[in-house]
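this one's sequence-less:
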């Protein structure tokens, strides 16, 4: 059985912990590898390597760092099919979803290529007689990222591209469910000229996570995952004196007003609800039908579902793949089973679909007449289950969204510009789409939700990422008046 190891100080390092976890092909249900689970000592080894590398990397020029990022960008483009295939084989994404993930990750590498511009400080001359004040940005030191299974390529790129470009060294703890992509990215970074020790990969579970959160030489931790774990990461990391980015769960609503284009809204609901099998924090999981549009919208969505092809990532025609594990598939299916007892209507039951015999598949499911208080509404399902809630007015829709514990992303579909503008003003959610179902910001903005979707105030990537991975130093300087000098410097001694 193939073993997936760590990457420390520029090379693969076999684990000595004796602990491993299985890595499955979700499309077949067959175990394809084991991944090493680090001991605290192996985390310490990675940190020691990163500390040593920081001394040199921190002094590297901005042009050198940008050059490495440009080379890495080119290598990722050259290996994009290989990376996408790894994502498909361990996560289960179909080709279009894997390619889309990689494209959004590449945007962040492109942003990091502009690091010379973004590291600029500010300068104020003559704030007092002979006194100047200026600020400079400096890296933090060793930083770490703890990333989820659902985006094994993109989310690490959200973190390490900016962190490394700013002059930090970076330790990645990827999900143990799909860990191979992280090692390929490490090899490409080395090929791009990144010095050994600047980027490390520590495979592992809670043992590795806790050591990262406690280690005194790690200055900052970035995390994306579920809300309970995000809360734990934030509270533990900050208690140990670290900067922490902690992005949590979501329950994203798509509000459809009576004047909306029904076909456009239905297409958006299907792609945003069932893409990547619903395993993404920006997936639309609730459609809020306002006024009399509900029947037409439910019919339009349900008509599209039989045409959505479910299959393995090896099928170029597949539009939705399996879920990550058998256990998660069964948990998602339990929401479908309990929905009628709570009063919801199962319009399309994904358990009844003609699914592949092997693997962790569940077809798209559509629930109608869902209400707050039902499990299908209150919980983050993280699977291909789309719920429809019906309300009478715009005000009811906004109140519904604002009362939910999560505030990651939301969208409104309407032809009315005034209503759309009012919605972006009223809604208490971090990322808003107007006739755009998944409003993930481009790389030169930043990603982050509100309420239980974000702990602390540090958003991810873009300008917020540069702020997170650097700290500002302000210098106040005064030089002796040259008119008092007795040395002939060859210029007038007056100011």
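That came in fine, so what should we check first? Keep in mind the model is a prediction, meaning the values are calculated, not measured. Numbering: from 1, shown residues only.

Can you tell me, leaving aside adjacent residues, what's nearest to residue 56?
Distances taken as C-beta to C-beta, 6 or more residues apart in numbering place residue 195 nearest to residue 56, at 6.4 Å, with adjacent residues excluded. Where you see a C-beta, it was placed from the backbone N, CA and C, and this is true even at glycine.

State the distance from that neighbour to residue 10.
8 Å (C-beta to C-beta, to the nearest Å).

Do a quick rundown of the helices in the stretch 51-200 of the chain.
Per DSSP state H, counting those that start in this stretch, the stretch 51-200 of the chain carries helices over the ranges 62-78, 80-91, 95-112, 115-118, 154-165, 180-191.

so the second one versus helix 154-165, what angle?
Spelled out, that is helix 80-91. Interaxial angle of helix 80-91 relative to helix 154-165 (axes from the mean of the first three to the mean of the last three C-alpha atoms, to 10 degrees): 130 degrees.

surely residue 230 meets residue 246?
Yes - if you go by C-beta atoms under 8 Å, residue 230 and residue 246 touch, sitting 4.2 Å apart.

Comparing these two, which shows the higher neighbour count?
Ranked by neighbour count (other C-beta atoms under 10 Å), residue 230 and residue 246 place residue 246 first, with 27 against 24.

what packs against the helix or strand harbouring the more buried one?
Per DSSP states H and E, residue 246 falls inside strand 243-247. Strand 243-247 sits against strand 218-224, helix 227-239, strand 454-455, with contacts defined as 3 or more C-beta pairs under 8 Å, 6 or more residues apart in numbering; DSSP states H and E.

now the stretch 351-495 of the chain, which segments are flagged as low pLDDT?
For the stretch 351-495 of the chain, applying pLDDT under 70 flags the ranges 485-486, 489, 491-495.

Now do the helices in it.
Here the stretch 351-495 of the chain has its helices, by DSSP H, counting those that start in this stretch, at 375-378, 394-403, 417-426, 462-468.

okay, and the common contacts of residue 230 and residue 246?
Both residue 230 and residue 246 are in contact with 223, 454-455, where contact means C-beta atoms under 8 Å, 6 or more residues apart in numbering.

Identify, from those residues, the entry nearest to residue 293.
Using C-beta to C-beta, residue 454 comes nearest to residue 293 of these, at 31.3 Å.

show me the contacts for the spatially closest residue to that closest one that is not a sequence neighbour.
Leaving aside its chain neighbours, residue 454 sits nearest to residue 448 (5.1 Å; criterion: C-beta to C-beta, 6+ apart). Residues counted as contacts of residue 448 (C-beta under 8 Å, 6+ apart) are 247, 430-431, 454, 458-460, 464.

One more pass at 6 Å, please.
For residue 448, the contact set (C-beta atoms under 6 Å, 6 or more residues apart in numbering) comprises 430, 454, 459-460.

Which one of those residues is nearest to residue 30?
For the contacts of residue 448, the nearest to residue 30 is residue 460 (34.1 Å; C-beta to C-beta).

Quick check: the gap between the closest one and residue 53.
Look at residue 460 and residue 53: by C-beta to C-beta, they are 24 Å apart.

give me every residue that touches the residue nearest the centre of the chain.
The residue lying closest to the centre of the chain (C-alpha atoms, centre = their mean) is residue 155, at 4.0 Å. For residue 155, the contacting residues are 147, 224, by C-beta under 6 Å, 6+ apart.
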